[in-house]
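Undergrad: quick one: sequence plus predicted model below, questions after.
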Amino acid sequence: MHVSSGGGASGEIAYHEAGIDAMANSVTLSPAQQQVVDHRGSDLQVIACAGSGKTESISRRVAALVAEGAEPASIVAFTFTERAATELKERITRRVAETMGLEFRDRLGPMFVGTIHAYCFRLLQDHVPQYGNYDVLDEHRHAGFLSREHRRIGLGNLKARHWAPIRDFMRTVDVIGNEQIPAAALAGTPLGDCYSTYRDALDRYHFLTFGLLITCALEALERPDVFSRVHGPLRHLFVDEYQDINPAQERLIELLSRPPVCLTVVGDDDQSIYQWRGSDVRNIVTFCQRRPTVASIELDTNRRSRPDIVAKANTFAQSISDRLPKVMQAVRPPGQNQMVSSSAETDQDEAEQVADTIARLAKAGHRYRDIAVLYRSVRTSAPPLISALRARDIPYTAGGRTGLFLQPEVAYLAEIYAWFVDGDWRDDRFGDFRPANLDDLVEGLNRVFGNGPPIPDLRAYIQDWRAFVLRGHRPVNLVGDYYRLLHVLRVQDIDVSTPVGSSRLGALARFSVVLGDFEHVHRRGRRSDKDGTRVFEAANDRGRDYFRALHNYLLHYARDAYEEFEGEPAVDLDAVDILTVHQAKGLEWPIVFMPSLTQGRFPSRRAGQAQEWLLPDEVFPTDVRGRYEGGDGEERRLFYVAMTSLTFHGPGIR
């Protein structure tokens with residue numbers, strides 16, 4: 001693992017290289033894991049240190065319950081991500097097949113293994129007819145929806161600028177849902193008026209957000225008939241990553257785990273890193289005090305990391321306040337270059353040093369996909385490294401906020417839509433606004449897409465394209481038009497068998513998701529009441545106003561919000577992963593760099609600073625705000641995760 005700090009000698013680069021040989025996939029359980037599998041008769045808390053085999057323990061426990069006669073429909077398992085759900089499903093299926101036979105796998109369908117949000121959506125669609133044809137908006141589509149509806153909702157009454165109230169309102173409605181703040185508590189305030197209109201607007205479009213999934217599920221479970229149908233068959237509830245549960249999710253878990261249901265929670269308070277999403281580490285710290293009968297088992301054997309990393313992580317963990325006492329145990333033998341530290345005078349020097357090391361590793365036979373570079377913030381810290389990698393033709397994917405638009409191909413393509421409406425653009429989040437310029441666009445597109453001579457008739461194509469779509473004669477097909485442009489740019493000639501070509505094509509495909517998200521919410525019609533009559537209003541799907549809205553979405557939201565890498569591994573992409581520590585949790589690389597370990601970056605200078613909120617103090621008191629604003633403890637947990645949550649295989653790089 002490379003851990004580093006640029007911008008002066010005050011920081012350290014710590015660097016850990018751990019080789020690439022695969023650790024043996026042992027199926028032998030430790031005594032503590034076997035206790036998890038065998039425990040019966042009460043709720044169970046499993047404190048699982050990094051790399052301690054929690055997924056295998058859960059899957060074997062579920063398989064044992066099924067073997068004992070538990071109906072699959074009586075088992076619900078919550079995971080934090082879809083990726084984790086997929087892994088757990090596969091493990092459970094494998095273990096059940098081993099104990100019950102291959103044919104029994106077909107009977108596992110009624111068992112739920114997935115995220116809490118997915119469970120709540122299924123609950124609403126199965127038990128509340130109103131939600132049968134609703135769609136769920138993710139964060140990006142939610143932003144697009146609010147951009148479309150901001151005047152109707154009255155967000156301008158909260159703040160003057162167009163996108164400032166949208167961002168703040170998105171954050172506010174998340175808090176309202178997370179903290180279960182009743183709408184009545186906001187009545188009579190500008191925020192309360194906006195929130196009421198917003199909920200009505202979502203219903204008219206038949207949309208739900210992730211936060212409202214849980215809110216509406218809790219409301220449904222308050223109805224005795226719904227609660228009886230949902231809770232009646234349930235006997236075993238599992239909650240993974242319990243340290244990241246927020247108050248609304250905890251309320252859902254509390255309802256679902258009422259007797260005779262046995263609750264098993266699995267997590268590690270030292271790895272609680274999502275307080276800015278409302279998670280409350282006190283849930284796991286006080287679990288044993290809040291449940292009437294509960295057992296606690298500690299999985300303390302780290303099977304991933306070399307002893308030096310485990311020892312340093314244990315030492316660092318002691319600096320985290322208000323934690324459950326525990327010490328990880330290392331079982332892997334020592335290796336070469338377990339941790340290496342160095343320093344650099346400037347950010348650029350550090351970037352050159354990391355890029356040169358990556359180039360040497362590649363020449364030594366290591367795949368780019370075996371390498372990750374983790375930052376506290378990709379937006380503020382990664383640009384020098386990205387420039388250094390591009391200069392060496394080293395493929396990369398950039399995660400974190402703005403990651404996608406750090407790719408020059410994507411930035412030029414997005415600027416086209418600004419030029420369509422004679423709008424402004426800027427080259428980075430804090431840069432100056434400038435008019436979008438067709439000459440610069442054509443020159444830039446030829447530079448990043450051309451292979452020799454200029455692309456024929458590119459300027460004329462873009463001009464004709466604008467003239468046609470702005471006439472508004474037919475609905476816009478953003479994604480279709482985009483792929484036609486890519487054909488003109490000869491994207492089909494990119495050699496995807498090379499790491500650089502594959503990485504470029506992945507970024508271009510990701511930009512189509514940006515366009516698709518905007519299109520999804522703007523082409524949706526809505527139901528409205530006019531003169532006492534229920535009518536259906538057509539979508540906004542063409543003309544200059546449509547492209548003005550797209551320009552605003554790209555400039556003021558998408559370029560600072562979309563990630564090229566969303567935390568799901570691309571199987572065939574051989575590229576260095578550049579991403580945030582938050583994204584890295586649960587992912588695995590043999591070689592990891594951690595640059596920019598300087599005061600103000602990691603730990604972040606914003607951690608613990610008071611923020612401006614739309615919510616009044618009486619419904620959002622200081623102690624609750626503090627969870628969302630973070631602080632020293634959260635930064636320490638985040639660094640601990642960076643040290644421990646990655647897999648370091650092998651005897652070391654030679």
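TA: That came through fine.
Undergrad: beyond the lowest-mean-pLDDT helix or strand in the chain, next helix or strand please.
TA: Taking all helices and strands of the chain together, the one with the lowest average confidence (mean pLDDT, DSSP states H and E) is strand 8-17, at a mean of 38. Using DSSP states H and E, the helix or strand that follows strand 8-17 in sequence is helix 31-38.
Undergrad: just checking, what packs against that following helix?
TA: Helices and strands in packing contact with helix 31-38 are listed as helix 54-67, strand 294-299; criterion 3 or more C-beta pairs under 8 Å, 6 or more residues apart in numbering; DSSP states H and E. For the C-beta atoms, the positions are set from N, CA and C on the backbone; glycine is no exception.
Undergrad: three-state assignment of residue 234?
TA: In the three-state summary, residue 234 is assigned as coil, counting by DSSP: H, G, I helix; E, B strand; the rest coil.
Undergrad: got a list of what it touches?
TA: By C-beta atoms under 8 Å, 6 or more residues apart in numbering, the residues touching residue 234 are 74, 76, 256, 261.
Undergrad: and the residues you listed as JSON lines, adding neighbour count and pLDDT?
TA: Putting the contacts of residue 234 into JSON lines (neighbours: other C-beta atoms under 10 Å; pLDDT from 0 to 100) gives the following:
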{"residue": "74", "neighbour count": "18", "pLDDT": "97"}
{"residue": "76", "neighbour count": "22", "pLDDT": "98"}
{"residue": "256", "neighbour count": "21", "pLDDT": "98"}
{"residue": "261", "neighbour count": "16", "pLDDT": "97"}
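Undergrad: which pair in those residues spans the largest distance?
TA: 74 and 256 (11.9 Å; C-beta to C-beta).
Undergrad: what comes up buried for stretch 253-266?
TA: Of the residues in stretch 253-266, those scored as buried under the neighbour-count criterion (16 or more other C-beta atoms under 10 Å) are 253, 255-257, 261-266.
Undergrad: between these, which sits nearest residue 172?
TA: When those are compared for distance to residue 172 (C-beta to C-beta), residue 253 wins out at 24.3 Å.
Undergrad: now do the contacts for that closest one.
TA: If a contact means C-beta under 8 Å, 6+ apart, then residue 253 has 78, 237, 239, 245, 263 as its contacts.
Undergrad: strands paired with the one helix or strand the first one maps to, and their directions?
TA: Read it as residue 78. Using DSSP H and E, residue 78 sits within strand 75-79. Strand 75-79 has its sheet partners listed here by DSSP bridges as strand 112-115 (parallel), strand 236-239 (parallel).
Undergrad: and the angle from it to helix 54-67?
TA: Taking axes from the mean of the first three to the mean of the last three C-alpha atoms, to 10 degrees, strand 75-79 and helix 54-67 form an angle of 170 degrees between their directions.
Undergrad: following strand 75-79, which helix or strand comes up?
TA: helix 82-100.
Undergrad: one step back: tell me which of the strands paired with strand 75-79 sits nearest to residue 507.
TA: strand 112-115 (26.5 Å).
Undergrad: show me which residues of the helix or strand following that closest one are buried.
TA: With elements assigned by DSSP H and E, the helix or strand that comes after strand 112-115 is helix 116-127. In terms of neighbour count (16+ other C-beta under 10 Å), helix 116-127 has its buried residues at 116-121, 123-124, 127.
Undergrad: what do you get for stretch 483-490?
TA: Of the residues in stretch 483-490, those with enough neighbours to count as buried (16+ other C-beta under 10 Å) are 485-486, 488-489.
Undergrad: among the residues you listed, which are in strands?
TA: Assignment to strands by DSSP state E places none of the buried residues of stretch 483-490 there.
Undergrad: how about those residues in a markdown table, adding distance to residue 413 and pLDDT?
TA: Listed next are those as a markdown table, based on distance: C-beta to C-beta, whole Å; pLDDT from 0 to 100:
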| residue | distance to residue 413 | pLDDT |
| --- | --- | --- |
| 485 | 8 | 94 |
| 486 | 9 | 93 |
| 488 | 12 | 92 |
| 489 | 9 | 92 |
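Undergrad: quick check: which of the helices and strands packed on helix 31-38 is buried the most?
TA: The highest mean neighbour count among those, using mean count of other C-beta atoms under 10 Å, belongs to helix 54-67: a mean of 22.
Undergrad: rewinding a little: which pair of the buried residues of stretch 253-266 spans the longest distance?
TA: Pairwise distances among the buried residues of stretch 253-266 were taken by C-beta to C-beta; the largest, 19.5 Å, belongs to 255 and 266.
Undergrad: just read off the phi/psi values of residue 598.
TA: Taking degrees, to the nearest 10, you get phi -120, psi 150 for the backbone angles of residue 598.
Undergrad: wait, residue 314 touches residue 323, no?
TA: No. Applying C-beta atoms under 8 Å as the test, residue 314 and residue 323 come out as separate, 11.9 Å apart.
Undergrad: and for stretch 73-83, what's in contact with it?
TA: Residues beyond stretch 73-83 that count as contacts (C-beta under 8 Å, 6+ apart) turn out to be 58, 62, 65-66, 85, 88, 92, 110-116, 118-119, 233-241, 244, 253, 256, 567-569, 586.
Undergrad: do you know which of the helices and strands packed on helix 31-38 lies nearest residue 516?
TA: Between residue 516 and the helices and strands packed on helix 31-38, the shortest separation by C-beta to C-beta is 32.4 Å, and it involves helix 54-67.
Undergrad: off-centre distance for that closest one?
TA: Here the centre of helix 54-67 is set off from its chain's centre by 27 Å, with C-alpha atoms, centre = their mean, to the nearest Å.
Undergrad: ok and that helix relative to helix 82-100, angle-wise?
TA: With the same axes, to 10 degrees defining the directions, helix 54-67 sits at 40 degrees from helix 82-100.
Undergrad: contact partners of helix 54-67?
TA: 27, 29, 33, 36-39, 46, 48, 72, 75, 77, 84, 87-88, 91-92, 94-96, 98-100, 104, 108, 111, 236, 238, 240, 264, 266, 299.
Undergrad: got a list of what residue 602 touches?
TA: Taking C-beta under 8 Å, 6+ apart as the definition of contact, the neighbours of residue 602 are 375-376, 596, 635, 638-639.
Undergrad: let me see the backbone angles for it.
TA: Backbone geometry at residue 602, expressed as degrees, to the nearest 10, gives phi -140, psi 100.
Undergrad: could you pull out the strands for the stretch 551-654 of the chain?
TA: 576-580, 591-594 (DSSP state E, counting those that start in this stretch).
Undergrad: for residue 338, which of those strands is the nearest?
TA: Counting by C-beta to C-beta, and looking across all of those, nearest comes strand 591-594 at 11.6 Å.
Undergrad: coming back round to it: buried among the contacts of residue 602? Need that as a selection in ChimeraX.
TA: One line in ChimeraX is enough to select the buried ones among the contacts of residue 602; burial here means 16+ other C-beta under 10 Å:
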select :375,376,596,635,638,639
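Undergrad: measure the closest residue to residue 444 other than its chain neighbours to residue 520 for me?
TA: Once its chain neighbours are removed from consideration, residue 444 has its nearest residue in residue 412; the separation is 4.6 Å (C-beta to C-beta, 6 or more residues apart in numbering). Relative to residue 520, residue 412 is positioned 24 Å away (C-beta to C-beta, to the nearest Å).
Undergrad: comparing those two, which residue is more hemmed in?
TA: Comparing residue 412 with residue 520 by neighbour count (other C-beta atoms under 10 Å), the higher total belongs to residue 412, at 21 against 17.
Undergrad: elements contacting the one helix or strand the more buried one maps to?
TA: Take DSSP H and E as the rule and residue 412 turns out to sit in helix 408-420. Judged by 3+ C-beta pairs under 8 Å, 6+ apart, helix 408-420 is in contact with strand 424-425, helix 438-449, helix 458-471, helix 478-488, helix 499-522, helix 543-556.
Undergrad: ok, now with 10 Å
TA: Helix 408-420 makes packing contacts with strand 424-425, strand 434-435, helix 438-449, helix 458-471, helix 478-488, helix 499-522, helix 543-556 when contacts are defined by 3 or more C-beta pairs under 10 Å, 6 or more residues apart in numbering; DSSP states H and E.
Undergrad: of the ones you listed, which shows the lowest average pLDDT?
TA: Set side by side, these give their lowest mean pLDDT on helix 499-522, at a mean of 86.
Undergrad: kind regards, and thank you for your time.
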